[in-house]
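Asks: no sequence for this one, just the structure:
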C-alpha cells in the first residue's frame with residue numbers, strides 16, 4: 001500500500017512537471033511565433049532567409065563548440081556523480097574557449113567573404129559574440145534541467161523570447177527593423193536569459209574557487225561522455241536544418257525565408273513532445289532499468305496521439321493562417337508545411353525514445369541513429385529540392401524524420417525488450433484514463 005502511494009505521488013509529480021514545462025513551451029513557442037510574424041513582415045522573404053541562415057550557422061557552431069557539456073551535465077547530475085558547482089565551472093571554461101574560436105572565425109571571414117556578406121546585408125561580425133552567448137545559454141539551461149529545477153529552467157527558456165521581443169519593440173520605436181537590428185536583438189535576448197540562468201543557479205553552483213580552478217580530468221571526463229551524445233545532437237541539428245543551405249543553393253535566399261516559415265509553424269506540433277522529453281530525461285536517467293522500460297512506451301504512445309491531433313488541427317487551419325499572419329509573400333509556405341507534418345509527428349515519438357536510449361548510457365546509439373537519418377536527408381534533399389524546390393525540402397525532411405523514428409523504435413526494442421506496438425499504438429486503458437481525467441475535471445468545474 002505504501003509503495004502504491006509513493007508510485008502515485010511520483011506519477012503525479014511527473015505529470016505536474018510535464019504540464020508546467022508544457023505550458024512554458026507553449027508560452028515560448030507563442031512568443032517565438034509572434035516574433036516570426038514580426039520578422040517576416042519587417043524583413044520580407046529575403047531578409048528572413050538571411051536571418052534564418054545566420055542563426056543556423058550560429059547554432060551549428062555552438063553545438064560543436066559546447067563539447068557536449070550539456071549532455072554530460074544531465075547524465076552526471078541525474079546519477080549524482082559530479083557536484084553542480086564543478087559542472088558549472090567547466091561550462092564557463094568551455095564558453096571562454098568558444099569565444100576565442102568564434103572570434104577567430106570572424107577574423108578569417110573578414111578578408112575572405114566580408115564584402116560579399118555585407119552586400120547581402122549580413123552582419124557577420126555579430127557572430128563573434130552570438131556564438132559564445134548561445135553556448136552558455138544552452139549549457140546552463142540543460143544544467144537546470146539535469147538538476148530537475150524545471151521552474152528555473154522554464155523561466156530561462158521564456159526569458160529569451162521576451163527579451164528579444166522587447167528589444168525588437170524598442171528598435172522599431174526608434175527606426176526600421178532590419179537584419180542587423182534583428183540579430184543584435186536576438187543576441188541581447190540570449191544574454192538576458194543567460195544572466196538569469198546564472199542568477200537562478202545561485203551561490204551553491206557559482207563558487208568562485210571552482211570557477212577559477214581549471215580541473216582538467218573532470219572536464220575531459222565530461223567531454224568524453226558528452227561528445228558521444230553531442231555528435232548526435234549536432235547531426236540532428238544538421239538533419240533539421242541542413243536543407244536550408246541546399247535550398248539556398250538550388251532556390252534562393254527568399255526560398256530559405258519561405259521554408260523557415262513552414263518549419264516554424266510545423267514545430268508547434270512539438271509542444272507536448274518537447275515538454276515531456278525535458279521532464280522525462282532526468283527521470284529515466286535516475287530510474288532503474290525496469291522502471292525506465294515500463295514508463296517509456298506509455299509516454300511514447302500517448303505523446304504520439306496528442307501530436308497527431310495537434311498536426312491534424314494545424315493542417316485544417318493552415319490555409320487561412322499562413323497568408324493571414326505572414327502576408328501574401330509567404331503564401332507558398334503552405335504546401336511545404338503540410339508535407340512537413342507527417343515527419344513532425346514521427347519525430348515527436350523519436351524525442352521520447354531517444355530520451356530512454358540516452359538514459360541507458362547509450363548516447364552513441366542516438367548519434368548513430370541520427371547520422372543514418374542525416375544520410376537519408378542529404379540523399380532526399382538532392383533528389384527532391386532541384387525539381388520541387390521548397391516543397392521538395394519538406395518532403396525530404398519528413399522522409400528523414402520517419403527513418404529516425406523507425407531506427408529509434410528498433411533501438412528501444414533491443415535495449416528494453418519491449419514491443420514496438422506497445423510504444424506506438426494507443427490502448428484502451430489510455431483512453432479510459434483520458435475519460436476519467438475529463439470526468440474528474442468536469443466534476444470539479446461543476447462543484
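Replies: Done, it's in. Predicted, not measured: the structure shown is a model, and the values here were computed from it. Residues are numbered from 1 along each chain as shown.
Asks: Low-confidence stretches in the chain?
Replies: Residues of the chain meeting the criterion pLDDT under 70: 1-19, 112-121, 433-434, 437-438, 440-447.
Asks: Can you tell me which residue is spatially central in it?
Replies: In the chain, the C-alpha closest to the average C-alpha coordinate belongs to residue 274, at a distance of 7.5 Å (CA atoms, centre = their mean).
Asks: Just give the nearest non-adjacent residue to that one, would you?
Replies: Excluding the flanking residues, the one nearest residue 274 by CB to CB, 6 or more residues apart in numbering is residue 25, at 5.2 Å. No exception for glycine: its C-beta is placed from N, CA and C like everyone else's.
Asks: Equivalent analysis for residue 55, please.
Replies: Nearest to residue 55 is residue 186, by CB to CB, 6+ apart, at 7.0 Å.
Asks: ok, which stretches of the stretch 1-150 of the chain are helices?
Replies: Per DSSP state H, counting those that start in this stretch, the stretch 1-150 of the chain carries helices over the ranges 2-65, 69-79, 84-119, 127-146, 150-174.
Asks: ok, back up a step: looking at it, the residue nearest to residue 274 is touching residue 275, isn't it?
Replies: Yes - the criterion here is CB atoms under 8 Å, and residue 25 meets it with residue 275 at 4.9 Å.
Asks: show me what contacts residue 152?
Replies: When the contact criterion is CB atoms under 8 Å, 6 or more residues apart in numbering, the partners of residue 152 are 144, 197, 200-201.
Asks: check contacts around the closest residue in space to residue 32 that isn't next to it in sequence.
Replies: Take residue 32 and drop its neighbours on the chain: the residue closest to it by CB to CB, 6+ apart is residue 161, 5.4 Å away. Going by CB under 8 Å, 6+ apart, residue 161 touches 28, 31-32, 35, 189.
Asks: can you check residue 95 too?
Replies: With CB under 8 Å, 6+ apart, residue 95 has these contacts: 132, 135-136, 139.
Asks: Report the separation between the residue nearest to it when sequence neighbours are not counted and residue 403.
Replies: Closest residue in space to residue 95, ignoring its immediate chain neighbours: residue 136 at 4.7 Å, by CB to CB, 6+ apart. Distance, residue 136 to residue 403, using CB to CB, to the nearest Å: 33 Å.
Asks: again with residue 138
Replies: Residue 138 is 26 Å from residue 403, by CB to CB.
Asks: again, but for residue 260
Replies: Residue 260 is 23 Å from residue 403, by CB to CB.
Asks: Count the residues that sit near the closest residue in space to residue 102 that isn't next to it in sequence.
Replies: Spatially, and ignoring its direct neighbours in sequence, residue 102 is nearest to residue 131 (3.9 Å; CB to CB, 6+ apart). Residue 131 is flanked by 28 other residues according to other CB atoms under 10 Å.
Asks: quick revisit: for residue 260 and residue 403, indicate the residue with more neighbours.
Replies: Set residue 260 next to residue 403 and count neighbours by other CB under 10 Å: residue 260 wins out with 27 against 22.
Asks: Spatially nearest residue to that one (excluding sequence neighbours)?
Replies: Residue 260 sits nearest to residue 52 (CB to CB, 6+ apart), 4.0 Å away.
Asks: residues near the one you found, how many?
Replies: Residues lying near residue 52 (other CB under 10 Å) number 25.
Asks: Check residue 413 too.
Replies: Around residue 413 there are 15 residues (other CB under 10 Å).
Asks: Can you say which helix or strand has it in it?
Replies: Assigned by DSSP states H and E, residue 413 falls within helix 363-416.
Asks: residues touching the residue nearest to residue 95, list them.
Replies: Per CB under 8 Å, 6+ apart, neighbours of residue 136: 91-92, 95, 194, 197.
Asks: Any of those residues buried? List them.
Replies: Among the contacts of residue 136, those that count as buried by neighbour count (16 or more other CB atoms under 10 Å) are 91-92, 95, 194, 197.
Asks: tell me which of these is nearest to residue 155?
Replies: Nearest to residue 155 among the buried ones among the contacts of residue 136, counting by CB to CB, is residue 197 at 8.6 Å.
Asks: Quick check, that closest one in contact with residue 138.
Replies: No - look at residue 197 against residue 138 with CB under 8 Å: they stay out of range, at 10.0 Å.
Asks: can you tell me how far residue 284 sits from residue 352?
Replies: Distance from residue 284 to residue 352, counting by CB to CB: 10 Å.
Asks: So for these two, which residues contact both of them?
Replies: Counting by CB under 8 Å, 6+ apart, the contacts common to residue 284 and residue 352 are residue 296.
Asks: neighbour count winner among these two?
Replies: residue 352 (28 against 25).
Asks: leaving aside the residues next to it on the chain, what's closest to the more buried one?
Replies: residue 300 (4.3 Å).
Asks: could you give the angle of the helix or strand harbouring the one you found to helix 2-65?
Replies: In this assignment (DSSP H and E), residue 300 forms part of helix 289-326. Comparing the axes of helix 289-326 and helix 2-65 via axes from the mean of the first three to the mean of the last three CA atoms, to 10 degrees yields an angle of 60 degrees.
Asks: Which helix or strand lies directly C-terminal to helix 289-326?
Replies: helix 334-359.
Asks: now for that following helix, which elements pack on it?
Replies: helix 69-79, helix 253-266, helix 271-286, helix 289-326, helix 363-416, helix 420-424 (3 or more CB pairs under 8 Å, 6 or more residues apart in numbering; DSSP states H and E).
Asks: again, only using 6 Å
Replies: helix 253-266, helix 271-286, helix 289-326, helix 363-416 (3 or more CB pairs under 6 Å, 6 or more residues apart in numbering; DSSP states H and E).
Asks: Out of those helices, which is closest to residue 126?
Replies: Of all the helices and strands packed on helix 334-359, the one in closest proximity to residue 126, counting by CB to CB, is helix 253-266 (17.6 Å).
Asks: Need the contact partners of the closest one.
Replies: Applying CB atoms under 6 Å, 6 or more residues apart in numbering, the external contacts of helix 253-266 come out as 36, 45-46, 48-49, 52, 244, 247-248, 326, 330, 332-333, 336-337, 340-341, 344, 390, 393.
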